[in-house]
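Participant: Predicted model follows, preceded by the sequence.
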Amino acid sequence: MEKHHLDPASAAALDELVREVTAQVSTVHGAEFHRLAAVLAHELPRGLREVFVDFRLREPSGALLLSGLPVDDDRIGPTPAHWYPDPDEVSPSLREEVAFGLLAQLLGDPFGFATLHNGLLVHNIIPIKGYEKEQIAFGSDEKLEWHTEEAFHVHRSAYTALLCLRNPAGAPTTYADIADLEISAADRAVLRQPLFETRPSGSHSAERNKFRELLPESDHERWGRSFAATEGIHSDPVVQPVLRGAEDRPYLCLDPDCMTAVDDEAAAALARLVAEVDRRIQDVTLTPGDVLFMDNDRAIHGRKPFKAHFDGNDRWLKRMNIARDLRPSRDRRLSPDSRVIF
Ligand SMILES: [Fe+2]
């Protein structure tokens, strides 16, 4: 994992840009913010831009951990009880979200899925009461099994990023990089074939997204079609390889809970790969101000269990999905600069 600490001068320069942005926009969920961020990210300190450009172009690692982003624990207020923001309120963590969005621009274009958090571009990752035992980002008591983000989706992110605002229990994020795995030549050959049926995770279901309660009625039909299309993938799954790209440095798409091999040979290769990930997986305990940019074509991630107290002081991360190129999803977005994939 590449690591970089934000030095005081860079933090001050970033803060200056955050002030400029927050004087003009009051949410990070619209195209206006991302257009502005795309312009202003060019003014981030050169050393910082070099770190991100190197990570993006040379692919030295499956993740880049940037530490030292200022987080004002008092101003951001209590950890919210629900993932959805109050539409009538400016987010108390807007400054942190803007900083996160500016940095994300150095890797690509942030985007959202209509079927995930109602298409919001920056997500609250928090424990929610009632979901303690569930295999979902809102869970807590149970381990969140490791996975490629949106393994089932043809337009899954190139990078998935997590900004830590709060993590009092020190709940570890889990992480493994394809480069650290030992995979036999025979297994590699099998894993490169389209033999693995991949279905959506529960996070993309209509029940988990409150779209009818939170979206205007005029949006219900469009959103409903998107949820129905995603639901349809359960009976007509994406069939894809687990490995692709260069023979010596392959890319990975792997979510064992959502994947089924089509034959015994593929199932055996998949089982050996899963065991190898389990052998090599490591903990990354994020602390406030840490930003973890994971290469979704190389790294898998999850989370270890932790005890949530639902007292306003629980673990609180912000998450963003970032594309290297938005254009391949154009037929599923409403306009060239829309960031929501239906
Ligand atoms: Fe994830």
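Facilitator: That came through fine.

Participant: and the helix or strand of the chain with the lowest mean pLDDT, how far from the chain's centre?
Facilitator: Here the helix or strand of the chain ranked lowest by mean pLDDT, DSSP states H and E is helix 211-214, holding a mean of 88. In this view, helix 211-214 has its centroid 23 Å away from the chain centroid, taken as C-alpha atoms, centre = their mean, to the nearest Å.

Participant: Stretch 169-189 too?
Facilitator: 18 Å.

Participant: What is the end-to-end distance of that stretch?
Facilitator: 42 Å (C-alpha to C-alpha, to the nearest Å).

Participant: Quick one: mean pLDDT for that stretch?
Facilitator: The pLDDT scores in stretch 169-189 average 97.

Participant: Residues in contact with it: which ones?
Facilitator: 1, 61-63, 140, 146, 162, 191, 243, 247, 249-252, 269, 272-273, 276-277, 280-286, 292, 294, 298-307, 314-315 (C-beta atoms under 8 Å, 6 or more residues apart in numbering). C-beta here means a position set from N, CA and C on the backbone, and glycine is covered the same way.

Participant: got the contact list for the least confident helix or strand of the chain?
Facilitator: 84, 118, 206, 219, 220, 223, 224, 227.

Participant: Please indicate which of the contacts of stretch 169-189 are buried?
Facilitator: 61-63, 140, 146, 162, 191, 243, 250-252, 269, 272-273, 276-277, 281, 284, 286, 292, 294, 298-303, 305-306, 314-315 (16 or more other C-beta atoms under 10 Å).

Participant: Leaving out sequence neighbours, find the closest residue to the most centrally placed residue in the chain.
Facilitator: Centroid-nearest residue in the chain: residue 160, 3.2 Å away (criterion: C-alpha atoms, centre = their mean). Spatial nearest neighbour of residue 160, excluding adjacent residues (C-beta to C-beta, 6 or more residues apart in numbering): residue 149 at 4.3 Å.

Participant: That neighbour touches residue 297, doesn't it?
Facilitator: No: if you go by C-beta atoms under 8 Å, residue 149 and residue 297 don't touch, sitting 10.2 Å apart.

Participant: quick revisit: which of the contacts of stretch 169-189 fall within helices?
Facilitator: The helices, defined by DSSP state H, take in 191, 269, 272, 273, 276, 277, 280 from these.

Participant: Most widely separated two among those residues?
Facilitator: Maximum pairwise distance in the ones in helices among the contacts of stretch 169-189, criterion C-beta to C-beta, is 16.7 Å, between 269 and 280.

Participant: returning to that earlier point: among the contacts of helix 211-214, which one sits closest to residue 132?
Facilitator: Nearest to residue 132 among the contacts of helix 211-214, with distances taken as C-beta to C-beta, is residue 84, at 18.9 Å.

Participant: Secondary structure element holding residue 96?
Facilitator: helix 94-104 (DSSP states H and E).

Participant: show me what contacts residue 319?
Facilitator: 122, 123, 125, 137, 160, 161, 162, 163.

Participant: Now a ChimeraX select for only the buried ones of the residues you listed.
Facilitator: The ChimeraX command for the buried members of the contacts of residue 319 (criterion: 16+ other C-beta under 10 Å) is given here:
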select :122,123,125,137,160,161,162,163
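
Participant: Buried only: go through the contacts of helix 211-214 for me.
Facilitator: Buried among these by 16+ other C-beta under 10 Å: 118, 206, 223, 227.

Participant: Give me the subset of the residues you listed lying in helices.
Facilitator: Counting by DSSP H, the buried ones among the contacts of helix 211-214 contribute 223, 227 to helices.

Participant: Just put the buried ones among the contacts of helix 211-214 in a markdown table and tack on distance to residue 238 and pLDDT.
Facilitator: Output for these, formatted as a markdown table (distance: C-beta to C-beta, whole Å; pLDDT from 0 to 100):
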| residue | distance to residue 238 | pLDDT |
| --- | --- | --- |
| 118 | 23 | 94 |
| 206 | 20 | 92 |
| 223 | 21 | 95 |
| 227 | 17 | 96 |
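
Participant: Let me know the closest of the buried ones among the contacts of helix 211-214 to residue 110.
Facilitator: Taking the buried ones among the contacts of helix 211-214 together and measuring to residue 110 by C-beta to C-beta, the closest member is residue 118, at 15.4 Å.

Participant: Now for that closest one: which residues touch it?
Facilitator: Per C-beta under 8 Å, 6+ apart, neighbours of residue 118: 84, 209, 210, 211, 214, 215, 223.

Participant: go on, residue 52?
Facilitator: 64, 103, 106, 107, 293.

Participant: for residue 241, same thing?
Facilitator: 191, 192, 193, 194, 195, 196, 253 are the contacts of residue 241 under C-beta under 8 Å, 6+ apart.

Participant: wait, what's in contact with the third one?
Facilitator: Looking back up the chat, that one is residue 193. Here residue 193 is in contact with 241, 266 (criterion: C-beta under 8 Å, 6+ apart).
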